[in-house]
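>>> sequence unavailable; structure follows:
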């Protein structure tokens, strides 16, 4: 099956022949078995498939936080797999944002401080970072809760803080791992609306790993990853039909 | 990121307090035991420092100040004749038994000072006048003698007792540093000391001397050794000689060293383990920071900042507690406690070693951390 859709937009991620194994000898398990995948700017790609199929591993490889055994990954025109680790970390900090299933907010920091963290990592001063963080929190509807600690926010609010954090350094590639898994239906829908808006920006793209069929209609395309292989990529209709 | 590091540290209050307690305990234990140890060493050379003279001359085979090896009485003139010596006076020092009016016996150290100058006299007098020592049968006691010989109701100015069946009358009480053996010290003149002690061929214990102004004391000490064949030491040399003798012959160094080492190891174990746990429990957060672009170097800096912040806080609190302990228990000079800047500097170095060790095991963990952990 052709796993590279014909697409008029330029590719944000171009993966070719990705192979990744874990363990050695008899216990070695090959999780990615030659993945070819293009993801384009201005789209929200859903990555679906059975548990253990390799979705999170592929996501980690695209993010450059997991070394692959074979293949090439270009992100925004940069050959990520060829970059040295330090340069890759720097590139990731400048171009990517992350949203996790468990939010991974720092419990000791307020919502605004959590959002400011990526800017602080980039070396931006605390006052400026917090100013920009508050603007982002306003955008996700949490301006009044900027000084709240994560433990005093609901799950949906925490995920919105995580989205603000992922967006604060204006990343061109947003990587989301089960962003609605810890949320109820209405909150999940709100989060996906936010992500869809980001994905529609012509110079950005969003990759979402999910099992949640209630949010499929937010995607532009859906890639099915099963047993380490892309077994299908389908465009999702405006009505949300696959 | 320093701000984030500190907020992470203070945010986990339970772990922070546990870390702080561990390091505070380690610092307090090391400072307290170190101060007591050094206080004891100061006591061991109290019979030198209490006399406060720059040069001590005696038998060359002398091991420590309380081990008297008498020399010929001509020693005083021989030292006086050495070029660069400003003055030289005799000192008698020896053990005797004092018999109180109630028939009770106490061993005392009799110290005989040259009557013309009273060089070696204690600087501080608590009661009476030291100059009255020149009166017939007069002696001066140190405050520890009063304490050991029955207290101020039994022994005071005017008290009469016997030394070797001869009369001694207390005319003053002097304040001195307690000695390691805590044997009461009875001061009198050199000439009167000769009357109190049994006849011996050699009776001169020490010659106390001073170098002329502008002449290095070490040079004069060398000349005395060369010209007289006697053992000559600066006050500091003789003090160290005595301290080294005590360390070698009493096992005190090993005992205190063991406790101090235990404090160091316990501090390192508690701090290392707690800090490691702190890091492990925050691995996902550190992984998230790494995924967001924080380098291992940045994370290492954060860990070091956290370790040194809690370490230096523990250092301050630990020293404070040890100082309060010293103030409460040793302020009257009853317990040995000498908290010196050298000791505090050494404890700081030990603490920094503990913090570095604690931080390093966490940094190694973080260096090996795959940021992909955040997706699991």
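Noted; the coordinates are in hand. No experiment lies behind these values; they were computed from the predicted model shown. Numbers count the residues shown, from 1 in each chain, chains lettered A, B, ... in the order given.
>>> give me the number of residues near residue A:25?
Residue A:25: 5 surrounding residues under other Cβ atoms under 10 Å in any protein chain shown. C-betas here are computed from N, CA, C, even on glycine.
>>> ok, it to residue A:207 distance?
Distance of residue A:25 to residue A:207, computed by Cβ to Cβ, to the nearest Å: 33 Å.
>>> list the contacts for the residue in chain A that chain B sits nearest to?
Distances between chain A and chain B by Cβ to the nearest Cβ are smallest at residue A:93, namely 1.7 Å. Under the criterion of Cβ atoms under 8 Å, 6 or more residues apart in numbering or on different chains, the contact partners of residue A:93 comprise A:118, A:121, A:122, A:169, B:292, B:293, B:294.
>>> cool, and residue B:232?
B:55, B:56, B:57, B:79, B:209, B:221, B:222, B:224, B:225.
>>> what residue ranges in the stretch 201-350 of chain B score low on pLDDT?
Along the stretch 201-350 of chain B, the parts satisfying pLDDT under 70 run over B:333.
>>> can you map out the helices along it?
Counting by DSSP state H, counting those that start in this stretch, the segments of the stretch 201-350 of chain B that form helices are B:217-228, B:235-250, B:252-281, B:283-291, B:296-330, B:341-367.
>>> quick one: low-confidence parts of chain A?
For chain A, the ranges with pLDDT under 70 are A:1-9, A:237-242.
>>> can you give me the strands for it?
A:11-22, A:29-40, A:44-48, A:70-75, A:78-79, A:96-99, A:173-177, A:205-209, A:221-226, A:229-235 (DSSP state E).
>>> the stretch 101-250 of chain B too?
B:105-113, B:124-128, B:138-142, B:160-163, B:166-175, B:185-189, B:206-211, B:231-234 (DSSP state E, counting those that start in this stretch).
>>> just these: most buried one?
With neighbours defined as mean count of other Cβ atoms under 10 Å in any protein chain shown, these peak in mean count at strand B:138-142, which reaches a mean of 27.
>>> for it, packing partners?
Where contact means 3 or more Cβ pairs under 8 Å, 6 or more residues apart in numbering or on different chains; DSSP states H and E, strand B:138-142 is packed against strand B:166-175, strand B:185-189.
>>> packing partners of the first one?
Read it as strand B:166-175. strand B:124-128, strand B:138-142, helix B:143-148, strand B:160-163, strand B:185-189, helix B:190-196.
>>> and the shortest one, what's its mean pLDDT?
Predicted confidence along strand B:160-163 averages 93 (mean pLDDT).
>>> quick check: neighbours of that strand in the sheet, parallel or antiparallel?
Strand pairing for strand B:160-163, determined by DSSP bridges: strand B:85-99 (antiparallel), strand B:166-175 (antiparallel).
>>> ok, and what's touching that strand?
Here strand B:160-163 has contacts from B:96-101, B:108, B:110, B:139, B:155, B:167-170, B:186, B:196, using Cβ under 8 Å, 6+ apart.
>>> up against chain B, what does chain A have?
A:56, A:59-60, A:63, A:65-66, A:86, A:89-90, A:92-94, A:98, A:100, A:102, A:104, A:106-109, A:113, A:117-118, A:120-122, A:126, A:165, A:177 (Cβ under 8 Å from any Cβ of the partner chain).
>>> emit the ChimeraX select command for whichever of the residues you listed are buried.
Selecting only the buried entries of the residues of chain A next to chain B in ChimeraX, with 16 or more other Cβ atoms under 10 Å in any protein chain shown as the criterion:
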select /A:56,59,60,63,65,66,89,90,92,93,94,98,100,102,104,106,108,109,113,117,118,120,121,122,165,177
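>>> pull the distance from stretch B:72-81 to the chain's centre.
33 Å (Cα atoms, centre = their mean, to the nearest Å).
>>> buried sites along it?
So, applying 16+ other Cβ under 10 Å, buried residues of stretch B:72-81: B:75, B:76, B:78, B:79.
>>> of all those, which two lie farthest apart?
Across the buried residues of stretch B:72-81, the longest distance by Cβ to Cβ is 7.3 Å; it joins B:76 and B:78.
>>> show me which of the contacts of residue A:93 is closest to residue A:16.
residue B:293 (25.1 Å).
>>> number of nearby residues for the closest residue to residue A:220 other than its chain neighbours?
The shortest distance from residue A:220 to any non-neighbouring residue, by Cβ to Cβ, 6 or more residues apart in numbering or on different chains, is to residue A:43 (4.1 Å). Residues lying near residue A:43 (other Cβ under 10 Å) number 21.
>>> which residues sit in contact with residue A:43?
A:9, A:199, A:205, A:206, A:220, A:221.
>>> find the nearest non-adjacent residue to the second one, please.
I take that to be residue A:199. That would be residue A:44: by Cβ to Cβ, 6+ apart, it lies 3.3 Å from residue A:199.
>>> what distance do you get for residue B:331 to residue B:174?
Counting by Cβ to Cβ, the gap from residue B:331 to residue B:174 is 19 Å.
>>> how about chain B: which residue is closest to chain A?
residue B:293 (1.7 Å).
>>> wait, that residue sits on residue A:119?
No: when contacts are counted by Cβ atoms under 8 Å, residue B:293 is not listed as touching residue A:119 (10.3 Å).
>>> from residue A:77, how far out is residue A:202?
16 Å.
>>> what do you get for residue A:57?
23 Å.
>>> show me what contacts residue B:71?
By Cβ under 8 Å, 6+ apart, the contact set of residue B:71 is B:58, B:59, B:202, B:204, B:205, B:207, B:230.
>>> hmm, I typed the wrong one, I wanted residue A:114.
Counting by Cβ under 8 Å, 6+ apart, residue A:114 has contacts A:105, A:106, A:133, A:150, A:161, A:162, A:165.
>>> before we move on, what about residue B:49?
Counted by Cβ under 8 Å, 6+ apart, residue B:49 has contacts B:42, B:177, B:235, B:239.
>>> taking the chain centroid, which residue in chain A is the extreme one?
residue A:26 (32.9 Å; Cα atoms, centre = their mean).
>>> ok so, going back, hey, what's the residue nearest to residue A:199 bridged with?
When assigned by DSSP bridges, residue A:44 has beta-bridge partners residue A:206.
>>> correct me if wrong: it contacts residue A:193.
No: applying Cβ under 8 Å as the test, residue A:44 and residue A:193 come out as separate, 11.0 Å apart.
>>> which neighbours do these two share?
Common neighbours of residue A:44 and residue A:193 (Cβ under 8 Å, 6+ apart) are residue A:218.
>>> who has more neighbours out of these two?
Using other Cβ under 10 Å as the criterion, residue A:44 and residue A:193 rank with residue A:44 on top: 25 against 11.
>>> how much space between the more buried one and residue A:204?
From residue A:44 to residue A:204 the distance is 10 Å (Cβ to Cβ).
>>> which neighbours do these two have in common?
Common neighbours of residue A:44 and residue A:204 (Cβ under 8 Å, 6+ apart) are residue A:198.
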